[in-house]
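Asker: Got a predicted structure plus its sequence, pasted below:
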Amino acid sequence: MFWPEFGRYGRVWSPWREMERLQQDVNRLLSQESTPYATTFPAVNIWASEQDVIVTAEVPGVDPDSLDITVAENVLKLTGSRKPEELKPGEVSHRQERVSGGFSRTFRLPYAVDSGKVDAICEKGILKVKLPRAEADKPRKIAIKSQK
Amino acid sequence: MAEKEMQKREASSPIETERTTARKVFIPRVDIREVGDAIVLLADMPGVDEKSIDITLEKNILTLAGRVEPEVYEGYRTAYAEYEAGDYERAFTLSDEIDRDRIEASVKNGVLKLTLPKAEPVKLRKISVKSA
């Protein structure tokens, strides 16, 4: 009854807390070393104008049929997989740098989009999705009547 | 798979030459495997098609170069960015003799597939010794 209460206020030395702190320090060091770009597959860029959003992703070797795009309000979900090139008997791998497997990424778009008018093309290993802004979400100019 | 390994790697000085354009250059990720009597190379080069790729084999140095036109959208602002478009360059030294006439290359979905058949090994010649 006494000890847990005491520990909660951080007055007692705890090896677990020390380890947690160490873990945080290491994580911070590792994250500083990497580039400012996110490091997941596929890499995605998002462009936005007042009317629509363009989302592009580098998906080399991904079969366009295996790509799945779902949109709800202002959330875009991109799922798919890249088939691993399995070694057949008698084949020898000299170098393996490309990654394979499933992926799923979710993005929050700058505004709600009309999910019925989404247009997606995939060519040369680059996916391009155009999402028009939802009518209800478009900014409206409100005329102010002046009363004399 | 480690997250860091999935980023595009920028080439510091691709094949030790300087470029005339200020575009970025990336090292494509490759898989190389030996399939029977051929070497098969797969390279991830998103944004590259058969017209914008150059493959050269000089002596035993194989060079891949792909050009990618940067994406520019007029009237749009960047809301989020994870990658940059740039060219691809990479060179390999091949250890085996390659039959240059039968090299095949194709590009599909931004992946280059290069089949390099090995040259026929030089046949051993047996010299018979005649008895005097």
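Answerer: It's in.
Asker: use CA for all of it now, contacts and neighbours both
Answerer: Will do.
Asker: Name the residues linked to A:A120 by a beta bridge.
Answerer: A:V129 (DSSP bridges).
Asker: Quick check, it in contact with A:K130.
Answerer: Yes: contact criterion C-alpha atoms under 8 Å: A:A120 and A:K130 qualify, at 6.2 Å.
Asker: Same drill for these two, tell me which one is more crowded.
Answerer: A:K130 (19 against 14; other C-alpha atoms under 10 Å in any protein chain shown).
Asker: B:K113 against B:S106, yeah?
Answerer: Yes: distance between B:K113 and B:S106: 5.3 Å, which falls inside the contact criterion (C-alpha under 8 Å).
Asker: higher neighbour count, these two?
Answerer: Of the pair B:K113 and B:S106, B:K113 is the one with more neighbours under other C-alpha under 10 Å, namely 19 against 13.
Asker: A:Q23: which element?
Answerer: helix A:15-33 (DSSP states H and E).
Asker: Give the rounded mean pLDDT of that helix.
Answerer: Confidence for helix A:15-33, expressed as mean pLDDT, is 74.
Asker: returning to that earlier point: between B:K113 and B:S106, what contacts are shared?
Answerer: Taking C-alpha atoms under 8 Å, 6 or more residues apart in numbering or on different chains as the contact rule, B:K113 and B:S106 touch no residue in common.
Asker: Any idea how many residues pack against the closest residue to B:G47 other than its chain neighbours?
Answerer: The shortest distance from B:G47 to any residue other than its chain neighbours is 5.0 Å, reached at A:K124 (C-alpha to C-alpha, 6 or more residues apart in numbering or on different chains). Taking other C-alpha under 10 Å as the criterion, the count of residues near A:K124 is 20.
Asker: In terms of secondary structure, what does the helix or strand containing B:A79 contact?
Answerer: Counting by DSSP H and E, the element that carries B:A79 is strand B:77-81. Using 3 or more C-alpha pairs under 8 Å, 6 or more residues apart in numbering or on different chains; DSSP states H and E as the contact criterion, the secondary-structure elements in contact with strand B:77-81 are strand A:44-48.
Asker: neighbouring strands for the strand it packs on, and are they parallel or not?
Answerer: Sheet neighbours of strand A:44-48, with direction, are listed as strand A:52-58 (antiparallel), strand B:77-81 (antiparallel) (DSSP bridges).
Asker: Setting aside sequence neighbours, what's the nearest residue to the residue nearest the centre of chain B?
Answerer: With distances taken as C-alpha atoms, centre = their mean, the residue of chain B nearest its centroid is B:L64 (3.8 Å). Spatially, and ignoring its direct neighbours in sequence, B:L64 is nearest to B:I55 (4.8 Å; C-alpha to C-alpha, 6+ apart).
Asker: Please name the bridge partners of the residue lying closest to B:T78 once chain neighbours are set aside.
Answerer: Counting by C-alpha to C-alpha, 6+ apart, A:W47 is the residue found nearest to B:T78 once chain neighbours are left out, at 4.5 Å. Beta-bridge pairing for A:W47 (DSSP bridges): A:I54, B:T78.
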